[in-house]
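**Student:** Quick one, fold the following:
(one chain, ligands or ions: 2)
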Amino acid sequence: MRLSRYFLPVLKENPSEAQIVSHRLMLRAGMIKQQSAGIYSWLPLGFRVLRKLENIVHEEQIRAGHIPMLMPTLQSADLWRESGRYDDYGEEMLRITDRHNRDMLFGPTNEEMITDIFRSHVGSYKDLPMTLYHIQWKFRDEIRPRFGVMRGREFLMKDGYNFDLTKEDALHAYNRHLVSYLRTYERMGLQAIPMRADGGPIGGDYTHEFLVLAETGESEVFYDSAVTDLTFGDRDIDYDDVAQCQSILEEFTTKYARTDETHDAALFAEIPQDRQRTARGIEVGQIFYFGTKYSEPMGATVQGPDGKPTPVHMGSHGIGVSRLIGAIIEASHDDNGIIWPEGVTPFHVGIVNLKQGDTEADAACEALYNSFTALGLDPLYDDRKERAGGKFATMDLIGLPWRITVGPRGLKNGVVELTCRRTGTSQELPPEQAIEKVAQIYAPHRVHGL
Ligand code: ATP
Ligand code: MG
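**Tutor:** Ligands and ions are numbered 1, 2, ... in the order given. Okay, here's the model as predicted:
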């Protein structure tokens, strides 16, 4: 992308409505625009990051054997009357009446709808196990939308639902989700710690929330500092291997880590004192097993091996895709702007031309641009006739992890400058070597199509 042809409405001033750094930086970097309380347009830069996160989520879900689909945002109230949640859900549910006076709602989640799909089409235990998921906009009429996309009213969520014959199978699905979520967050450059949580309105005894530690987080959390040493890394996973998934769950959930809802002061006190931590966290996902809570009232049964109709065991599993962008920025920024982890950056590399209009500088930038594009990488080339200082400030603000600076002086010596956004360190290299280096850095971070 050439900046002269892009739409990147960066703000020079700090917007007064933003209370936390991620919200401030998303507005300043021209990623989002508020349309009404808790409802945002995703401007091109923000949209690119959102798509990156979606792609990572899809890749990891598909890797785990889960099946993508898409359900609508608007739902019929009748389905929710079947489960009893139409009355229980309260004011967070946005209720709408259509022209025929039918009660509709903007979906805050999809347990009822997916259960309806399942009962309409699946009849035998032989079709199980099955996990269906989608990434779709949700609406919850939050009493206090705030912090930008962190607590929106409209927000993007990945929600997946497993259907299994037995509790044992459903708990394997639970473990599979935990493992796939650990991988997902790590690819996004985040540490999200699974913590024992409370069922809330979705219900259920088995549930973990994934929390990113951050001062601005809305949840109070208590944990053994040893959990922050755990990393998923590059392990081979066989998602059909029940024992392997179970052992990873144990590895990541045995040490004390709980939200305030399930905190147990006596157990916490058993952790060696120098490892006891109280902090704040951002909830970026949650997994549940809830048995037959929906399948029973809604008649989602399969014919079991004994020929009898059996209600299926279910769970639901959510990732806050749009909230994650806020969480990533809270975890990764400095005074000059955002610092994107390589896995989610909207563009892989920025190209800054110090002297636009200079024949050699222009030609060198074009050549870099074309080489990166040919390698399947996305460069953002600042080809505007602006002062160098302004170009650097924009690049720092929007947070591309790598920048190549091209100027007539360097070119005389056959070099360009490669700068790392995170460390601020630069090195002078011949253009081919700079390209090679950037290509190597991104080799493990390619997100493939579906
Ligand atoms: P919270 O406790 O923050 O209100 P929740 O527990 O009600 O969230 P879930 O039903 O578990 O939310 O939804 C799955 C994920 O969707 C959450 O982990 C969170 O990351 C995201 N999410 C929930 N509500 C919002 C919101 N209002 N804005 C943005 N993301 C949200
Ligand atoms: Mg939750």
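**Student:** so the closest residue in space to C245 that isn't next to it in sequence, which of the three states?
**Tutor:** In this structure, C245 finds its nearest non-sequential neighbour in N175, 3.9 Å apart by C-beta to C-beta, 6 or more residues apart in numbering. In short, each C-beta sits where N, CA and C put it, glycine included. Using DSSP: H, G, I helix; E, B strand; the rest coil, the structure places N175 in helix.
**Student:** Just give me the neighbour total for the closest residue to P44 other than its chain neighbours.
**Tutor:** Of all residues beyond its chain neighbours, the one nearest P44 is F7 (5.2 Å), with distances taken as C-beta to C-beta, 6+ apart. By other C-beta atoms under 10 Å, 9 other residues sit near F7.
**Student:** Looking at F7 now. What's its pLDDT?
**Tutor:** Confidence at F7, expressed as pLDDT, is 98.
**Student:** which stretches of the stretch 301-450 of the chain have low pLDDT?
**Tutor:** Low-confidence segments of the stretch 301-450 of the chain (pLDDT under 70): 446-450.
**Student:** Tell me if I am right that W80 is in a strand.
**Tutor:** No: under three-state DSSP, W80 sits outside any strand and is assigned helix.
**Student:** dump the residue contacts of the closest residue to it other than its chain neighbours.
**Tutor:** The shortest distance from W80 to any non-neighbouring residue, by C-beta to C-beta, 6+ apart, is to Y86 (3.8 Å). Counting by C-beta atoms under 8 Å, 6 or more residues apart in numbering, Y86 touches 77, 80, 93, 103, 105.
**Student:** which among the residues you listed end up buried?
**Tutor:** Among those, those that count as buried by neighbour count (16 or more other C-beta atoms under 10 Å) are 77, 80, 93, 105.
**Student:** Most widely separated two among these?
**Tutor:** Greatest spatial distance in those: A77 and M93, 9.3 Å, computed using C-beta to C-beta.
**Student:** Common neighbours of the two, please.
**Tutor:** 86, 105.
**Student:** The residue nearest to C245 and ligand 1, how far apart?
**Tutor:** Per C-beta to the nearest ligand atom, to the nearest Å, N175 is found 18 Å from ligand 1.
**Student:** Same question for P341.
**Tutor:** 18 Å.
**Student:** Just give the nearest non-adjacent residue to that residue, would you?
**Tutor:** G189 is the one closest to P341 (C-beta to C-beta, 6+ apart), at 2.4 Å.
**Student:** burial measure for the closest residue to ligand 1 within the chain, as a count.
**Tutor:** Residue nearest to ligand 1 within the chain: G320 (2.1 Å; C-beta to the nearest ligand atom). Number of residues near G320 (other C-beta under 10 Å) recorded here: 25.
**Student:** okay but M188 is in contact with I328, surely?
**Tutor:** Yes: using C-beta atoms under 8 Å, M188 is in contact with I328, at 6.2 Å.
**Student:** Find the residues that touch each one of the two.
**Tutor:** Contact with both M188 and I328 is made by residues 341, 344, according to C-beta under 8 Å, 6+ apart.
**Student:** Counting neighbours, go ahead and name the busier of those two.
**Tutor:** I328 (27 against 23).
**Student:** ok, the nearest residue to K385 once chain neighbours are set aside - how many residues close by?
**Tutor:** Distances taken as C-beta to C-beta, 6+ apart put Q356 closest to K385, at 4.9 Å, once the chain neighbours are dropped. Each residue near Q356 was counted by other C-beta under 10 Å, and the total is 16.
**Student:** Now, the contacts of Y86 that are in strands?
**Tutor:** 103, 105 (DSSP state E).
**Student:** which two in the contacts of Y86 are spaced the farthest apart?
**Tutor:** Longest distance between any two of those is 10.8 Å, between M93 and D103; criterion C-beta to C-beta.
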